[in-house]
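S.K.: I'll drop the sequence and a predicted model, then ask my questions.
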Amino acid sequence: MDKFKYTQQLADQRGLFFPTAEIHSSLSGFWDFGPFAANVRRKLIDTWRKEVVRKINSIEIEGSVILPKQNFKASGHLDHFVDPLVQCRKCHKIFRADKLLEKALKKEVPEALDEKKFDELVKSNNVRCPECKGELGNVKKFNMMLGVSIGPLTNETNAYLRPETCQNIFTAFYKIYKTGRVSLPLAISQVGRAFRNEISPRQGLLRMREFTQLETEVFFNPRKIDDVPEFDKYKNYKLMLKIGRGDARAIKLADIVKRGMVSGKLVAYYLAVAQQFFQALGFQPNEFRFRKLEKEAKAFYSKETWDFEVKTEVGWLELVANNYRTDYDLTSHSKVSGIDLSVVEDGEKFIPHVWEISMGLDRIFYALVEHSVSQRDGKPILKLPKFTSPLDAVVLPLVRKDGIDEKAKMIYDMLKKDFDVKYDEKQSIGKRYLIYDQLGVPLAITVDYESLKNDDVTVRDRDTSKQVRVKIADLNKILNKMCRGEKIF
């Protein structure tokens, strides 16, 4: 079964996601999410808040998507936030040089290589344009930020759409630390949009110019990186780690720290929190891994990087960047702004270090949908975890006459106060069952002639197609059990 094919088929057929302004066909790398996908994404955010934000006692902020130019001078984005661009001399199409080389060499090529090294690899391996087989030009580094002009009297770029949501957290840290009645370690989280002017966003939701991040930055005293009370609860928990060329192995947190595989207990603990989030979504250990990045592949600000990847039809897909950013961010912002961002705790003055857990909601959404795609009678259906399903149930009258539709509407009105439900009376009952199976709705409540006599309905399970008769008065209790994850059949 080609899950990528079925995922794209479902997305198009049921309007899960589609290109922005599709009727105009004007922009690539921008996507809209239909009502059912939007509900799933909101529930993914709710799960993140439960499994990450609240679990680690993080606080959440909401920052502006536009930040001043000075911000990106301090962060290093003006100089370092670049992708390697190469253009065909014949058809003039533009590509990412690292991706062309990876396809030709069948191995990873770090995007941080300098232009000369890229040029050498292109020439020595005779890499040609994938569209017309023409000769490629020299590789150039292209800054991916989207600039804007703020104010009526300037045409100059004096601000940028943020390329990552963490920048708001770094610039807000001092205010929050001084006013929020907090102490280190301090975790600050944010959900929000980020923008990158990608060279060739040709992979749907996997490479976008506007995307959503679930960001957490943990500020801590580097001398206390092993002072983590929560660690003992997790010391026997196993992480799937891939280091070097071998396969990923399950290793206990206690052993990871003992062998010096991470910088300290704090790093191991937050890696465990990130992995548990995906286990809560139903991913199994053979389907995910942490991959430690080599020096040349890491971001310029990172001392230690672990990419969390999930196995998909398109290969291992990075969903989370876990970075030890040291004191780079606060030190840089302090120098450029002239504001001392150091703190004083236990009589010691220092610039806090930062551990980052940066998740991409769009990729997580895609991976979850692909992971949940199944088929029945040759047609795709979506077996999403019930707590991430777009609806808790759909209410379906068998026919639109004889009072059955009125009874169904009454049930819908009763349930919608407490649950995500929808009423649908169009097409045959079999067709409606298929549609809502394909949308991942776990329960279908069917009202028929017996319902008028006995005040009961048929409740049908998405995954098994099993049907049982239940009293209308019990529907609230049944849906509550399902939402709590309890078995109802």
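M.R.: Arrived safely.
S.K.: CA atoms for contacts and neighbours, from now on please.
M.R.: OK.
S.K.: Show me the longest helix that occurs in this protein.
M.R.: Criterion DSSP state H: the longest helix present in the chain is helix 265-280.
S.K.: What residues sit buried inside it?
M.R.: Applying a neighbour-count criterion of 16 or more other C-alpha atoms under 10 Å, one finds 265-278 buried in helix 265-280.
S.K.: Rebuild the residues you listed as TSV, extending it with pLDDT and distance to S334.
M.R.: Output for these, formatted as TSV (pLDDT from 0 to 100; distance: C-alpha to C-alpha, whole Å):
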residue	pLDDT	distance to S334
K265	98	28
L266	98	25
V267	98	25
A268	98	29
Y269	98	29
Y270	98	26
L271	98	28
A272	98	31
V273	98	30
A274	98	30
Q275	98	33
Q276	98	35
F277	98	34
F278	98	36
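S.K.: who touches stretch 311-318?
M.R.: Residues outside stretch 311-318 that contact it (C-alpha atoms under 8 Å, 6 or more residues apart in numbering): 2-4, 287-288, 307-310, 367, 370-371.
S.K.: and if you look at stretch 67-74?
M.R.: With C-alpha under 8 Å, 6+ apart as the test, stretch 67-74 has contacts from 78-79, 157-162, 167, 329, 332-333, 335-336.
S.K.: Just the element for L241, please.
M.R.: Using DSSP states H and E, L241 sits in strand 238-242.
S.K.: How about V354?
M.R.: Using DSSP H and E, V354 falls in strand 353-360.
S.K.: that older thread, from the contacts of stretch 311-318, which shows the smallest pLDDT?
M.R.: Taken together, the contacts of stretch 311-318 show their lowest pLDDT at D2, with 79.
S.K.: quick one on the thing from earlier: mind giving me the packing neighbours of the longest helix of the chain?
M.R.: Packing partners of helix 265-280 (3 or more C-alpha pairs under 8 Å, 6 or more residues apart in numbering; DSSP states H and E): helix 231-234, strand 238-242, helix 253-258, strand 353-360.
S.K.: What are the buried residues along the third one?
M.R.: Across helix 253-258, burial judged by 16+ other C-alpha under 10 Å covers 253-254, 256-257.
S.K.: and it, how far from the chain's centre?
M.R.: 28 Å (C-alpha atoms, centre = their mean, to the nearest Å).
S.K.: In CSV, list the C-alpha atoms belonging to that helix.
M.R.: Taking C-alpha atoms only, helix 253-258 is exported to CSV below (Å, rounded to 0.1, in the frame of the first residue of the first chain):
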residue,chain,number,x,y,z
LEU,A,253,18.4,7.5,29.8
ALA,A,254,20.7,6.5,32.7
ASP,A,255,23.1,4.8,30.3
ILE,A,256,22.9,7.7,27.8
VAL,A,257,24.1,10.1,30.5
LYS,A,258,26.6,7.7,32.0
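S.K.: ok, back up a step: could you dump the contacts of stretch 311-318 into CSV with secondary structure added?
M.R.: Output for the contacts of stretch 311-318, formatted as CSV (DSSP: H, G, I helix; E, B strand; the rest coil):
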residue, secondary structure
D2, coil
K3, helix
F4, helix
E287, helix
F288, strand
D307, strand
F308, strand
E309, strand
V310, strand
A367, helix
E370, helix
H371, helix
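S.K.: Selection in PyMOL covering whichever of these are buried, please.
M.R.: In PyMOL, a selection of the buried entries from the contacts of stretch 311-318 looks like this (16+ other C-alpha under 10 Å):
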select buried, resi 3+4+288+307+308+309+310+367+370+371
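S.K.: Pick out the most distant pair among the contacts of stretch 311-318.
M.R.: Taking C-alpha to C-alpha, the two most distant members of the contacts of stretch 311-318 are D2 and D307; they sit 25.4 Å apart.
S.K.: just to revisit the earlier point, how about the helices and strands packed on helix 265-280, which one is nearest I94?
M.R.: That would be strand 353-360 among the helices and strands packed on helix 265-280, by C-alpha to C-alpha, at 25.2 Å.
S.K.: Now do the closest one, average pLDDT.
M.R.: Average pLDDT, strand 353-360: 98.
S.K.: Residues in contact with that strand: which ones?
M.R.: Here strand 353-360 makes contact (C-alpha under 8 Å, 6+ apart) with 211-222, 267, 270, 274, 319-328.
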